[in-house]
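> Build me a model from this:
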Amino acid sequence: MPSTPHTVSDVMSHTVAAVGRRAAFKEIVQLMQDWKVSALPVLEGEGRVVGVVSEADLLPKEEFRDSDPDRATQLRRLEDLAKAGGLTAEDLMTSPALTVHANAALAQAARTMAHARVKRLPVVDDVGMLQGIVSRADLLKVFLRTDEEIAEEVRREVVAHLFPAPASSVRVDVRNGVVKLVGHARDTSLVPVAARLVRAVEGVVDVEFGLTRSEGPTESTAAPANGDGNLSPV
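Just a heads-up that it's a prediction; the model follows:
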């Protein structure tokens, strides 16, 4: 079974389009068009990320191209008006750049994107050098795991530890990423813990339970146990 990607390094793109501080406005637009991206890291030196220039940074030039904003708009949109007059990446970029490290958990990267409302993050090392880029689409790759891959990980990492046979007889069913644990469990108080651990398995969409309490050791009537003590699927 392929290993579960747990960090940004497992899903990020290593080939990245980027610009330097002096990149011209039209050069930035052309590069975004060529690479079909909505933002570009801005680099200095040998590749240290100093900012990000996005479509949102470029749009004020068109928005205010033939307008004369009133005083209230000028005060409210001061930063956008400054970018409307920008000519280079240094004028236009958002700095400091919002970045993520390659060893960051996927959930951390997802939270950063959601809170900042950005579509992609430059991936940097400990000194800020560009290593890659991670996008929303990259983070969603975990949901491409097959149901059987997810089921096998849940059996191995959750069921085998919380509901070991023969005291419990728990079967793992997965359909379209939704995990369902069914059968008999010696200790049903562990269900909330199991729910949290199952949801932590990447690719899981949701988790459901159909467990009843078993009063003592019981043999599975749903499926035989495999060699490592886990229950085989039916």
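> and the nearest residue to Arg22 once chain neighbours are set aside, what is it in contact with?
Distances taken as CB to CB, 6 or more residues apart in numbering put Thr88 closest to Arg22, at 5.4 Å, once the chain neighbours are dropped. From N, CA and C alone the C-beta is placed, and that goes for glycine too. By CB atoms under 8 Å, 6 or more residues apart in numbering, the contact set of Thr88 is 21-25.
> Once you drop chain neighbours, what's closest to Glu148?
Nearest to Glu148 is Val174, by CB to CB, 6+ apart, at 7.3 Å.
> Quick one: classify the one you found as helix, strand or coil.
Counting by DSSP: H, G, I helix; E, B strand; the rest coil, the backbone at Val174 sits in strand.
> Quick check, it in contact with Arg145.
No - the criterion here is CB atoms under 8 Å, and Val174 misses it with Arg145 at 9.7 Å.
> hmm, back to that, reformat the contacts of Thr88 as TSV; add secondary structure and distance to Glu157.
Below are those laid out as TSV (DSSP: H, G, I helix; E, B strand; the rest coil; distance: CB to CB, whole Å):
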residue	secondary structure	distance to Glu157
Arg21	coil	47
Arg22	coil	50
Ala23	coil	47
Ala24	strand	52
Phe25	helix	51
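> Narrow the residues you listed to just the buried residues.
The neighbour-count test (16 or more other CB atoms under 10 Å) marks 23, 25 as buried among these.
> what sits opposite the residue nearest to Arg22 in the beta ladder?
Judged by DSSP bridges, the bridge partners of Thr88 are Ala24.
> Next one, pLDDT for it please.
Looking at Thr88, its pLDDT is 96.
> Can you tell me what sits against stretch 189-199?
Everything outside stretch 189-199 that qualifies as a contact, by CB under 8 Å, 6+ apart, is 154, 157-159, 162-163, 179, 181, 185, 204, 206-207, 209, 211.
> Now Ala104. Nearest residue, chain neighbours left out?
Nearest residue to Ala104 in three dimensions, chain neighbours excluded: Val8, at 5.0 Å (CB to CB, 6+ apart).
> What segments of the protein are strands?
According to DSSP state E, the chain carries its strands in the segments 19-20, 39-44, 48-54, 100-101, 120-124, 130-135, 169-175, 178-185, 206-213.
> Tabulate the CA atom coordinates of stretch 204-216 in PDB.
Provided in PDB are the C-alpha atoms of stretch 204-216 (Å, rounded to 0.1, in the frame of the first residue of the first chain):
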ATOM      1  CA  VAL A 204     -11.300  10.100   5.100                       C
ATOM      2  CA  VAL A 205     -14.400  12.100   4.300                       C
ATOM      3  CA  ASP A 206     -16.500  11.100   7.400                       C
ATOM      4  CA  VAL A 207     -16.800   8.400   9.900                       C
ATOM      5  CA  GLU A 208     -19.800   6.400  11.100                       C
ATOM      6  CA  PHE A 209     -20.300   3.800  13.800                       C
ATOM      7  CA  GLY A 210     -22.500   0.700  14.100                       C
ATOM      8  CA  LEU A 211     -20.900  -0.800  17.200                       C
ATOM      9  CA  THR A 212     -22.600  -2.700  20.000                       C
ATOM     10  CA  ARG A 213     -21.000  -3.600  23.400                       C
ATOM     11  CA  SER A 214     -19.600  -7.100  23.900                       C
ATOM     12  CA  GLU A 215     -19.600  -8.300  27.400                       C
ATOM     13  CA  GLY A 216     -16.600 -10.700  27.000                       C
END
